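Q: one predicted model, sequence on top.
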Amino acid sequence: MLRTRGLTKDFGGLTAVDSVDFELGTELCSLIGPNGAGKTTFFNLLTGVLEPTDGTVSLRHGDDWEDITDASPHETAQRGVHRSYQVTNVFPERTVLENVRVAEQAAGDDSLTVWRNVDHFEGYTERAYAKLERVGLADRAEDPASTLSHGAKRKLEVAIALAGDPSVLLLDEPNAGVSSESVDEVRDLIRDVADDHAVLLVEHNMDIVMDVSDRVVVLHQGAVIADGPPEDVRANPDVQSAYLGGYEPGTLDEATGDATDDESTDSGGVA
Ligand SMILES: Nc1ncnc2c1ncn2[C@@H]1O[C@H](COP(=O)(O)OP(=O)(O)OP(=O)(O)O)[C@@H](O)[C@H]1O
């Protein structure tokens with residue numbers, strides 16, 4: 001679906017992404033690696049947020065590959081590559097439904113009139129509602145987004161990323177800040193959307209990565225050091241020394257240094 005060849009990004013003297021050859025198929029592929037490995041930079045190159053120093057990004061349409069290296073973020077999204085962000089990206093004062101409807105309109109032909117609330121946008125509303133049903137937020141449709149818990153906000157971000165029916169989903173730490181009670185729900189949602197989308201997931205929670213992934217790619221200092229099924233990657237000595245550091249299932253916080261926040265740190269705090 002999405003392919004890179006020799007993809008490279010230099011920031012001054014630092015090579016953040018180093019000659020990466022990568023191809024995402026119709027699968028759930030996780031991209032892991034230590035802090036600073038280049039994961040976010042790689043996402044930014046795939047989505048046109050950053051221009052590469054070298055290399056190409058291509059998107060598959062049937063038997064053909066379209067070079068989208070120079071496409072803007074908007075053009076990349078229009079071609080069916082959507083992403084969710086590490087940092088919450090919702091309009092807090094708008095309702096949950098409005099947030100998704102705006103994303104549907106932005107993906108459609110009404111991007112200049114996104115906030116107009118008139119009946120002929122019914123189609124967008126219906127499509128937005130369907131996304132909320134998919135992520136399990138239909139009962140919160142009319143609530144302001146600010147009243148959602150961290151976990152529910154993450155689900156809303158996935159619904160926003162689904163708006164416009166992309167073929168490729170790039171999910172950037174969809175579990176960041178999610179309480180331990182909601183982690184399983186978000187994990188199930190990630191697996192569910194992978195049924196009909198090619199998904200590239202950046203995730204620090206190794207239990208989730210090992211559980212949901214069809215394939216795991218490991219970045220270290222901008223380069224791919226391992227690529228394969230989760231069990232092979234977990235057993236790879238290079239990966240163990242660069243990143244996992246003795247990871248055993250159920251011990252992720254010790255392995256990655258990551259922690260999940262309490263839901264109460266969020267503004268709304270609704271479970
Ligand atoms: N705009 C920038 N200017 C200069 N250096 C940058 C810029 N963005 C990222 N870097 C550097 O590039 C390297 C890769 O950063 P990046 O954020 O892509 O890593 P990451 O794997 O996403 O890390 P994390 O897991 O902490 O999110 C880091 O050394 C970072 O400091």
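A: Yes, it's here.
Q: for stretch 17-28, list every residue counted as buried.
A: The neighbour-count check on stretch 17-28 (16 or more other Cβ atoms under 10 Å) flags Val17, Asp18, Val20, Phe22, Leu24, Leu28 as buried. Just so you know, the C-beta spots here come from the backbone N, C-alpha and C atoms, and that holds for glycine as well.
Q: now do the nearest residue to the fifth one once chain neighbours are set aside against Ile190, distance only.
A: Going back to what we said before, that points to Leu24. The spatial neighbour of Leu24 that comes closest, neighbours along the chain excluded (Cβ to Cβ, 6 or more residues apart in numbering), is Leu2 at 4.5 Å. Using Cβ to Cβ, to the nearest Å, Leu2 is found at 17 Å from Ile190.
Q: against the ligand, how distant is the residue nearest to Leu24?
A: 18 Å (Cβ to the nearest ligand atom, to the nearest Å).
Q: would you map the helices across this structure?
A: For the chain, helices defined by DSSP state H occupy the ranges 39-46, 73-78, 96-107, 122-135, 150-162, 180-193, 206-212, 230-235, 237-239, 252-256.
Q: mind giving me the packing neighbours of the first one?
A: Spelled out, it's helix 39-46. Judged by 3 or more Cβ pairs under 8 Å, 6 or more residues apart in numbering; DSSP states H and E, helix 39-46 is in contact with strand 2-11, strand 14-24, strand 28-32, strand 81-84, strand 168-172, strand 198-202.
Q: mean pLDDT lowest where, among the ones you listed?
A: In terms of mean pLDDT, the lowest-scoring of those is strand 81-84 (a mean of 90).
Q: and that strand, what does it pack onto?
A: If you count contacts as 3+ Cβ pairs under 8 Å, 6+ apart, strand 81-84 packs onto helix 39-46, helix 150-162, strand 168-172.
Q: try it again at 7 Å.
A: helix 150-162, strand 168-172 (3 or more Cβ pairs under 7 Å, 6 or more residues apart in numbering; DSSP states H and E).
Q: flag every residue of the chain that's near the ligand.
A: Within the chain, the residues that sit near the ligand (Cβ under 6 Å from any ligand atom) are Phe11, Leu14, Ala16, Gly33, Asn35, Gly36, Ala37, Gly38, Lys39, Thr40, Thr41.
Q: just send those residues back as CSV, with neighbour count too.
A: Below are these laid out as CSV (neighbours: other Cβ atoms under 10 Å):
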residue, neighbour count
Phe11, 11
Leu14, 12
Ala16, 22
Gly33, 24
Asn35, 10
Gly36, 14
Ala37, 23
Gly38, 25
Lys39, 25
Thr40, 20
Thr41, 22
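Q: my guess is the residue nearest to Leu24 meets Leu59, correct?
A: Yes: counting by Cβ atoms under 7 Å, Leu2 touches Leu59, with 5.7 Å between them.
Q: which neighbours do these two share?
A: Listed contacts common to Leu2 and Leu59 are Val81; contacts here mean Cβ atoms under 7 Å, 6 or more residues apart in numbering.
Q: which residues of the stretch 51-200 of the chain score low on pLDDT?
A: 86-88, 109-121 (pLDDT under 70).
Q: thinking again about what came up before, I'd like the helices and strands packed on strand 81-84 laid out as a markdown table, including distance to Asp54 and mean neighbour count.
A: Below are the helices and strands packed on strand 81-84 laid out as a markdown table (distance: least, Cβ to Cβ, whole Å; neighbours: other Cβ atoms under 10 Å):
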| stretch | distance to Asp54 | mean neighbour count |
| --- | --- | --- |
| helix 150-162 | 28 | 26 |
| strand 168-172 | 21 | 25 |
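Q: nearest to Arg94, out of these?
A: helix 150-162 (10.6 Å; Cβ to Cβ).
Q: follow-up on the earlier one: contact partners for the residue nearest to Leu24?
A: Leu24, Leu46, Leu59, Val81, Val168, Ala198 are the contacts of Leu2 under Cβ under 7 Å, 6+ apart.
Q: repeat that with 8 Å
A: Contacts for Leu2 (Cβ atoms under 8 Å, 6 or more residues apart in numbering) come out as Glu23, Leu24, Leu46, Val57, Ser58, Leu59, Arg60, Val81, Val168, Ala198, Leu200.
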